[in-house]
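>>> with the sequence up front, the predicted model follows.
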Amino acid sequence: MTAVVGILNKQAVAMAADSAVTIGNGNGRKILNKANKVFTLSKYHPVGIMIYNAASFMGTPWETIIKVYRQQLGNKSFPTLEDYQKDFIDFLRAKNFFTDGQTQKNYLGLFAAEIIQMVLGEILKKNPGLSPDDTGDLYNLLDVEFSGLLARWKKPEAICSEFSDYELATFDSYATDILKQVRKEVLIDIGLKVPNALFKKMTQTIFYLLKSQEKLHSYTGLIFCGFGEDEIYPRLIPLNISMVLNDRLRYFVTEESAIISNDMNAAVRPFAQTDVIDTILSGIDPSLDDYYLKHFDEMLKKYNQAILGSIGTSDLLLSEKIKNLKTEPIVREFFRMNQRIKSQNYIQPLMSAVGTLSKEDLAEMAESLIYLTYLKRRITFAEESVGGPVDVAIISKGDGFIWIKRKHYFKPELNQHFISNYFNI
């Protein structure tokens, strides 16, 4: 896991990330503290990029992909940061040396197997007395579960742009061979000869999930930061990108975009493990906020029951009205009231202060937020999935991309040839 943050005001954007990366297999998990997550996107212009979650794309390290793109980009610039983002996406489409046809099908197979195994595992977990030998009951439960998932993803709130015109028939034709293999290895080989109608429902569920703007288990967050040639204030554009399917790139822009303007003087955008930063921004731990809402709803219902107990049978009409009272509108109003209080007393004052910070203060704030996230993991019994050196960079319109803190896997003084050739490679 990781912690990444971008802080923007009219002067600059500060980028900071920890160095922890979690790797694992069937034998366990290991946390390393040497990963690079902040990169210059151009050697000549004020744009940078951060990554979080998966460190590779279809098996190729993102660091390699970014640096190949940077070399291809050279001295070229674009009017807006969004144009850089679109050009990077075009680069991913064009460079298929890491997304050849067989690799695409292999990753589809892994994804389909993961979804089926996840649903099957959840069913067996919820029904401990059920075994794979009880095939009739198991098939019925699988049908119910996949019917619910299909209904959810068949009409998503948003669809990945490259899949807007992608049809189920096209997917069926493309994926038939790999899905047959998944059916054999994941189901048949453990004695589950699921009916054709059920497996068809599984296939449709996988198809609609791939089209929707849902976060898959294995995805990468790409965060573009900086200035286009025609932009006087910085921007931040985060992408969710996961895989290539049938030569279509599955990606979408997430909701955390930030555009500094005369109407928006500052923004703080945390990614990945955001609990500590969210606590500082809003004045309350997000999980504690959720508990308050849940318990407030429970207390309202208990209060209604207490009133009903007091009335007894003395007023049946009033008792019936109290029974029919809905607590949801009151809970929603309580939530909105809390949001207003957090905004007025914590978020807005903090954003006003961030809007006045110098470049040095932006960098210090970004580093501190990452360090506090690490510190919480360090002093509690949570897994130390945030750690290692904190890389910090500042991007301003006039000075471009400036490293404030950066770890090296080599000693710069012993590699002057690299430093002198930086703009030639």
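Thanks, I have the structure now.

>>> Tyr292: neighbour count?
14 (other C-beta atoms under 10 Å). From N, CA and C alone the C-beta is placed, and that goes for glycine too.

>>> next: Trp153.
For Trp153, using other C-beta under 10 Å, the count is 18.

>>> ok, now Lys193?
11.

>>> that one in helix, strand or coil?
coil (DSSP: H, G, I helix; E, B strand; the rest coil).

>>> could you do Tyr233 as well?
Going by three-state DSSP: Tyr233 is coil.

>>> check Val13 too.
Val13 ends up strand, using three-state DSSP.

>>> what's across from it in the sheet?
Leu8, Ile395 (DSSP bridges).

>>> so it sits against Val392, correct?
No: using C-beta atoms under 8 Å, Val13 is not in contact with Val392, being 11.6 Å away.

>>> the two: which is more packed in?
Val13 (30 against 24).

>>> coming back round to it: what sits in contact with each of Val13 and Val392?
When C-beta atoms under 8 Å, 6 or more residues apart in numbering defines a contact, no residue borders Val13 and Val392 alike.

>>> after the lowest-mean-pLDDT helix or strand in the chain comes which helix or strand?
Among the helices and strands of the chain, strand 21-25 carries the lowest confidence by mean pLDDT, DSSP states H and E, at a mean of 78. Next along the chain after strand 21-25, taking DSSP states H and E as the criterion, comes strand 28-32.

>>> as a whole number, average confidence for that next one?
The pLDDT scores in strand 28-32 average 80.

>>> separation between the nearest residue to Met1 once chain neighbours are set aside and Leu141?
Spatially, and ignoring its direct neighbours in sequence, Met1 is nearest to Ser385 (3.7 Å; C-beta to C-beta, 6 or more residues apart in numbering). Between Ser385 and Leu141 the computed distance is 34 Å (C-beta to C-beta, to the nearest Å).

>>> now do Lys86
Taking C-beta to C-beta, one finds Lys86 at 44 Å from Leu141.

>>> when these two are compared, which one has more neighbours?
Neighbour count, other C-beta under 10 Å: between Lys86 and Leu141, Leu141 has more, with 19 against 13.

>>> just the element for that one, please.
Per DSSP H and E: helix 135-154 holds Leu141.

>>> quick one: list the elements packing against that helix.
In terms of contacts (3 or more C-beta pairs under 8 Å, 6 or more residues apart in numbering; DSSP states H and E), helix 135-154 is packed against helix 101-126, helix 196-211.

>>> distance of the residue of the chain most remote from its centre relative to Leu308?
Each residue of the chain has a distance to the centre, and by C-alpha atoms, centre = their mean the biggest one is for Ser314: 55.5 Å. Distance, Ser314 to Leu308, using C-beta to C-beta: 11 Å.

>>> the residue farthest from the centre of the chain in helix, strand or coil?
coil.

>>> now do the helices in the protein.
62-73, 81-94, 101-126, 135-154, 168-182, 196-211, 275-282, 286-311, 316-323, 328-342, 348-354, 359-379, 416-420 (DSSP state H).

>>> tabulate those helices (CSV), appending distance to Asn265 and mean pLDDT.
Formatted as CSV, the helices of the chain follow (distance: least, C-beta to C-beta, whole Å; pLDDT from 0 to 100):
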stretch, distance to Asn265, mean pLDDT
helix 62-73, 30, 94
helix 81-94, 18, 94
helix 101-126, 42, 91
helix 135-154, 39, 89
helix 168-182, 46, 94
helix 196-211, 38, 94
helix 275-282, 15, 94
helix 286-311, 25, 87
helix 316-323, 49, 80
helix 328-342, 19, 91
helix 348-354, 7, 95
helix 359-379, 13, 95
helix 416-420, 37, 84
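
>>> among the ones you listed, which is nearest Ser19?
Nearest to Ser19, of all the helices of the chain, is helix 359-379, at 9.8 Å by C-beta to C-beta.

>>> and the angle from the closest one to helix 275-282?
Here helix 359-379 runs at an angle of 130 degrees relative to helix 275-282 (axes from the mean of the first three to the mean of the last three C-alpha atoms, to 10 degrees).

>>> please name every helix or strand in contact with helix 359-379.
Helix 359-379 packs on strand 3-9, strand 12-17, helix 275-282, strand 391-396, strand 400-405, going by 3+ C-beta pairs under 8 Å, 6+ apart.

>>> could you list every helix and strand in contact with the second one?
Where contact means 3+ C-beta pairs under 8 Å, 6+ apart, strand 12-17 is packed against strand 3-9, strand 38-40, strand 47-53, strand 220-226, helix 359-379, strand 391-396.

>>> list phi and psi for Met380.
One correction, residue 380 is Thr, not Met. With angles defined as degrees, to the nearest 10, Thr380 sits at phi -120, psi -180.

>>> got the contact list for Tyr139?
Tyr139 neighbours (C-beta under 8 Å, 6+ apart): Val194, Pro195, Leu198.

>>> which one of those residues has the most neighbours?
Most surrounded of the contacts of Tyr139: other C-beta under 10 Å gives Val194, at 20 neighbours.

>>> pretty sure that residue sits against Leu187.
Yes: if you go by C-beta under 8 Å, Val194 and Leu187 touch, sitting 5.6 Å apart.

>>> picking that back up, need the winner for burial among the helices and strands packed on helix 359-379.
strand 12-17 (a mean of 30; mean count of other C-beta atoms under 10 Å).
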